[in-house]
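Asks: any chance you could fold what I've pasted below:
(chains A and B)
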Amino acid sequence: MNFFEKVTGSDMTKQMKGFDARAKGLPADYQAAWEEIKSNLWLHGDFTGRNLMPIMDSALELLEVTAADGQRVEEVLGDDIKGFCAALVGDEGAKSYRDKWREQLNRNVARKLGGLK
Amino acid sequence: MENNTEMMKGVLEGCVLEIISRGETYGYEITQQLRKLGFTDVVEGTVYTITMRLERNNLVDIEKKRSTVGPPRKFYTLNAAGQDHLALFWRKWEFISDKMNELRTKEINRSN
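Replies: I've put the predicted structure just below:
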């Protein structure tokens, strides 16, 4: 990633386009699931969303492999896409910017309280 | 059995480790094994998030193999750290199930 890409996020746009092109090759119900996965994953993005790129790549890989098996998408993802996305992102996998703000807030409050004693 | 997802959450990783320890396998096969055992709620996506975590924690070795249809598949084998982790899982499991049975069958002495 060069400086231009870092600032503009053009590398991510390129990657997203690549992902969507791959998704186009999937069956229709898989494509719908992919859209849902994407919208659920954005919740876990950091400020730029760059942390999500490898995660999206692996989610798409799962869809590609299972679609080639001829499995129905419900068999693969069940009815809890939100839960799937949360598990995919993992405990330590990708902290969202909200997590970071929360941590910072907690730290500051703890420091203030410590100072009062 | 259905609708025990919450209870399963903590032990599913152990289940997957145990299945992988029996020999090289891949996602679909793991899911099928769990379903055959009676965990009918388990879907491949669930197993995938677990194998991903095992991979991230370096408990499994991975080999990508070409398949006749579609993209190459990931095959998993347990490495030494994975074996240790699995042994630890069974020790924890034994402790919990012992205590659960104790709670269910033995009388509890109240302190007053």
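
Asks: from here on, contacts and neighbour counts on C-alpha atoms
Replies: Fine.

Asks: list the buried ones in the helix of greatest length in chain B?
Replies: Ordering each helix of chain B by length in residues (DSSP state H) puts helix B:80-105 first. If you call a residue buried by 16 or more other Cα atoms under 10 Å in any protein chain shown, then helix B:80-105 has these buried ones: B:82-83, B:85-86, B:89.

Asks: just the closest of those to residue B:4, please.
Replies: residue B:89 (19.5 Å; Cα to Cα).

Asks: give me the pLDDT value at the closest residue to residue A:75 other than its chain neighbours.
Replies: With Cα to Cα, 6 or more residues apart in numbering or on different chains as the criterion, residue A:75 has its nearest non-adjacent residue at 5.9 Å, and that residue is residue B:43. On the pLDDT scale, residue B:43 is placed at 91.

Asks: phi and psi next, for residue B:43.
Replies: phi -110, psi 170 (degrees, to the nearest 10).

Asks: also residue B:74?
Replies: With angles defined as degrees, to the nearest 10, residue B:74 sits at phi -90, psi 130.

Asks: thought it was touching residue B:63?
Replies: Yes - the pair residue B:74 and residue B:63 passes the contact test of Cα atoms under 8 Å, sitting 5.7 Å apart.

Asks: quick one: residues contacting residue A:63.
Replies: A:26, A:30 (Cα atoms under 8 Å, 6 or more residues apart in numbering or on different chains).

Asks: immediately after the helix or strand hosting it, which helix or strand?
Replies: In this assignment (DSSP states H and E), residue A:63 forms part of helix A:53-69. Note on helix A:53-69: by DSSP H and E, the next helix or strand toward the C-terminus is helix A:73-77.

Asks: buried residues in that next one?
Replies: Those would be A:73-74, A:76-77, for helix A:73-77 by 16+ other Cα under 10 Å.

Asks: neighbour count for residue B:74 and residue B:63, which is higher?
Replies: residue B:74 (17 against 14; other Cα atoms under 10 Å in any protein chain shown).

Asks: please report how far the residue nearest to that one when sequence neighbours are not counted lies from residue A:68.
Replies: Nearest non-adjacent residue to residue B:74, counting by Cα to Cα, 6+ apart: residue B:64, 4.5 Å away. Per Cα to Cα, to the nearest Å, residue B:64 is found 16 Å from residue A:68.

Asks: residue A:45 too?
Replies: Distance, residue A:45 to residue A:68, using Cα to Cα: 29 Å.

Asks: in terms of neighbours, single out the busier of the two.
Replies: More neighbours surround residue A:45 than the other of residue A:45 and residue A:68, with 19 against 16 (other Cα under 10 Å).

Asks: that one contacts residue A:51, correct?
Replies: Yes - using Cα under 8 Å, residue A:45 is in contact with residue A:51, at 6.5 Å.

Asks: residue contacts, residue 59?
Replies: Assuming you mean chain A. residue A:88.

Asks: that's the wrong chain, I meant chain B
Replies: B:78-83, B:85.

Asks: so what's it closest to, chain neighbours aside?
Replies: Nearest non-adjacent residue to residue B:59 (Cα to Cα, 6+ apart): residue B:82, at 4.1 Å.
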